[in-house]
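# Okay, predicted coordinates and the sequence, questions at the end:
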Amino acid sequence: MFVVTLLANPARPVLEPTLVESLRDAWGGGVARWLNPGIAAEFDLPAIPGNRWQVWEDMQLLGVDLAVQPAEGRRKRMLLADMDSTMIRQECIDELADMAGFGAKVAAITARAMNGELAFEPALRERVALLKGMAASVIDRVLSERITYTPGGRELIATMKANGAFTMLVSGGFTAFTEKVAAHLGFDEHRANRLLSEGGFLTGTVAEPILGRQAKIDALEEATARLGISEAEVIAVGDGANDLGMLHRAGAGVALHAKPVVAAECDLRINHGDLTALLYLQGYAVTEFTR
């Protein structure tokens, strides 16, 4: 048995009953269940329709995300989340570089790395080298002045934790940011790279080994082994090429507002919804959310 979930952006609740019912009827699905009126609904289905991706494209034009996944085991016992452009709306290194006056150059490298055009580790070293001599205190300025959170993050983490799940933030960014972001959102644990500084100034280097694509897979393996759960019991979310390893390995890998090359490799693609979409995908109704 499979479950079809239809989702809209909570800030733009465009999901109409007629749309849900017409798709349900066309696919021969079960009774529609509304998880949040105007925002999220689901119904059961005996098999994955052959025209799933054509319908997905049609729904995208209406501002609606469509997901089809196995019904069994939807509620996960662990959340593994990327930080930059996922839990927060920015790329931290781009914001640091922008304050130093060369943001466009670094942002271009970041975009290529996240699209999978450049290997992550050398691309990170190249960008960090450009930060050499910057006052380490600029990190606090970026955190206070430039970082904003993706809507739904607190509800996602609080609800999963209230239902016994473990939550981990794992980032190719920097611990100076993940520490604050993890604390603000309520993550149980965080992992990232460490920017090196000396005498209050960044050295233009990062502690080795660099946490990249493989390190995110390692975090998944280590955490599930420690918790005594399977990888199938994990929901992972990310947007960049360095997230693909963990997205493929997790029981549910969600490409959230992801780069096209990343979304193309994931069955669960959220382009309109916010982070609460991960709760709806697990079958949580809005009345079950913890805030």
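Right, received. Where do you want to start? Residues are numbered from 1 along each chain as shown.

# From here on, just use CA atoms for contacts and neighbour counts.
Fine.

# Is Val68 located within a helix, as I assumed?
No - Val68: not assigned to a helix; according to DSSP: H, G, I helix; E, B strand; the rest coil it is strand.

# which residues touch it?
Phe2, Val3, Val4, Thr5, Ile48, Asp267, Leu268 (CA atoms under 8 Å, 6 or more residues apart in numbering).

# mind running it again at 7 Å?
Residues near Val68 by CA atoms under 7 Å, 6 or more residues apart in numbering: Phe2, Val3, Val4, Thr5.

# Excluding sequence neighbours, find me the nearest residue to Ala158.
Thr290 (5.5 Å; CA to CA, 6 or more residues apart in numbering).

# show me the contacts for that neighbour.
Applying CA under 7 Å, 6+ apart, the residues contacting Thr290 are Glu155, Ala158, Thr159.

# Look up how far Gln69 lies from it.
Remark: distance between Thr290 and Gln69 (CA to CA, to the nearest Å) = 24 Å.

# Rounded mean pLDDT for the longest helix along the chain, please.
In the chain, assigned by DSSP state H, the helix with the most residues is helix 213-227. Average pLDDT, helix 213-227: 96.

# Contacts for that helix, please.
Val170, Ser230, Glu231, Asn242, Asp243, Gly245, Met246.

# Of these, which pair is most distant in space?
Ser230 and Asn242 (21.8 Å; CA to CA).

# These two - which one has more neighbours?
Each of Ser230 and Asn242 has its neighbours counted (other CA atoms under 10 Å); Asn242 has more, 27 against 17.

# ok, Arg127 - contacts?
Residues in contact with Arg127 (CA under 7 Å, 6+ apart) are Val106.

# circling back: what distance do you get for the residue nearest to Ala158 to Glu91?
Remark: distance between Thr290 and Glu91 (CA to CA) = 28 Å.

# Is the residue nearest to Ala158 in a helix, a strand, or coil?
Using three-state DSSP, the structure places Thr290 in coil.

# residue farthest from the centroid of the protein?
For the chain, the largest distance from the centre (CA atoms, centre = their mean) belongs to Gly199, which lies 35.1 Å off.

# Need the distance between the two termini of stretch 80-91.
18 Å.

# That stretch: which residues count as buried?
Residues Leu80, Ala81, Asp82, Met83, Asp84, Ser85, Thr86, Met87, Ile88, Gln90, Glu91 are the ones in stretch 80-91 that count as buried (16 or more other CA atoms under 10 Å).

# got the buried residues for the longest helix of the chain?
Result for helix 213-227 [16+ other CA under 10 Å]: buried residues Arg213, Ala215, Lys216, Ile217, Ala219, Leu220, Glu221, Ala223, Thr224.

# With respect to Lys259, which of those is nearest?
Set against Lys259, the nearest of the buried residues of helix 213-227 by CA to CA is Arg213 (15.4 Å).
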